[in-house]
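K.L.:
could you work out the structure for the sequence below:
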Amino acid sequence: MNNNEKDFRKNSAINSKGTSNHLIIRSLLKAISKISFKDKSSMIDIGVGSGELISKLSEKKILHQYYGIDLIAHADYKKLNINFFSRDLNGDFGQGLDQHSLVVSSHVLLYLENAWHF
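P.N.:
I've put the predicted structure just below:
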């Protein structure tokens, strides 16, 4: 992959401002709220963006720990109680995902070079 492609993906991520459609966030909140989680449960949001979904789940104390992966930081994740990891989702990033009680990804595929790899 050349530098122009990397710059394009990074600029796309920056321009998105990490936002997501409120209807999708509400739908995810509703679905996740119906799940019974054990103590010490954790969630990872792949393409965490602004952290809006995790922020709302954290307010409801649905899970114990929250993690987020994105190419760039769109928010002050420490303030939102999110353990953040910067990763290029076009590469291999899946190691350790099975350690979480819940894995969520929303609005990610359109930013990927190869959605089949994801």
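
K.L.:
every contact and neighbour count from this point should use C-alpha atoms.
P.N.:
Fine.

K.L.:
surely residue 74 touches residue 49?
P.N.:
Yes: using CA atoms under 8 Å, residue 74 is in contact with residue 49, at 5.7 Å.

K.L.:
who has more neighbours out of those two?
P.N.:
Neighbour totals were compared for residue 74 and residue 49, and residue 49 leads with 27 against 17 (other CA atoms under 10 Å).

K.L.:
pLDDT wise, what is the more buried one at?
P.N.:
Residue 49 is assigned a pLDDT of 88 by the prediction.

K.L.:
and for the one 4 residues further on?
P.N.:
The pLDDT attached to residue 53 in the predicted structure is 91.

K.L.:
that one belongs to a helix?
P.N.:
Yes: assessed with DSSP: H, G, I helix; E, B strand; the rest coil, residue 53 lies in a helix.

K.L.:
and the nearest residue to residue 112 once chain neighbours are set aside, how far is that from residue 70?
P.N.:
Leaving out its chain neighbours, the residue that sits closest to residue 112 by CA to CA, 6 or more residues apart in numbering is residue 90, at 6.0 Å. Counting by CA to CA, to the nearest Å, the separation of residue 90 from residue 70 is 11 Å.

K.L.:
who has more neighbours out of those two?
P.N.:
residue 70 (21 against 17).

K.L.:
tell me how many other residues crowd residue 48.
P.N.:
31.

K.L.:
OK, contacts around it?
P.N.:
Counting by CA atoms under 8 Å, 6 or more residues apart in numbering, residue 48 makes contact with 18, 68, 69, 70, 105.
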